[in-house]
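Here is my input; please provide its structure:
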Amino acid sequence: MTLHFLAGRLLGFAALALPGILVAAQPDPLDANAAVPVQDYRSPLEDYRAQTDEPLQDWRAANDLVGRIGGWRTYSMEGWEQSDEQGADPSEGGDHGHH
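Alright, predicted model coming up:
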């Protein structure tokens, strides 16, 4: 017999015996007194931080700021539209980071 043949036989035997060993190591699910490993549970909400309110500000000053920026039309524009209005060359690629 060759060494290759013996090694193959040993690996085959180990592969057949391994599932039986793994099943034997598990506690009996019907035994209420069976020892089970401690579960390490970490809640996905453990690091949750509630949203906080923004501090109140003068609504007139906020409206004036929006007017200086360009009003609701500026907020409703796509990034590439804003770049074109500011004189950017569309052939340079513009701001397409959101696509």
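
Alpha carbons of the helix or strand hosting Tyr75, as PDB, please.
If you go by DSSP states H and E, Tyr75 is part of helix 71-76. C-alpha atoms of helix 71-76 as PDB (Å, rounded to 0.1, in the frame of the first residue of the first chain):
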ATOM      1  CA  GLY A  71     -34.800  80.700  -2.500                       C
ATOM      2  CA  TRP A  72     -36.700  77.500  -3.000                       C
ATOM      3  CA  ARG A  73     -35.600  77.200  -6.600                       C
ATOM      4  CA  THR A  74     -32.000  76.800  -5.600                       C
ATOM      5  CA  TYR A  75     -32.900  74.100  -3.100                       C
ATOM      6  CA  SER A  76     -34.900  72.200  -5.700                       C
END
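
after the helix or strand of the chain with the lowest mean pLDDT comes which helix or strand?
With mean pLDDT, DSSP states H and E as the measure, the helix or strand of the chain carrying the lowest mean pLDDT is helix 3-25 (a mean of 63). Using DSSP H and E, the next helix or strand after helix 3-25 towards the C-terminus is helix 59-69.
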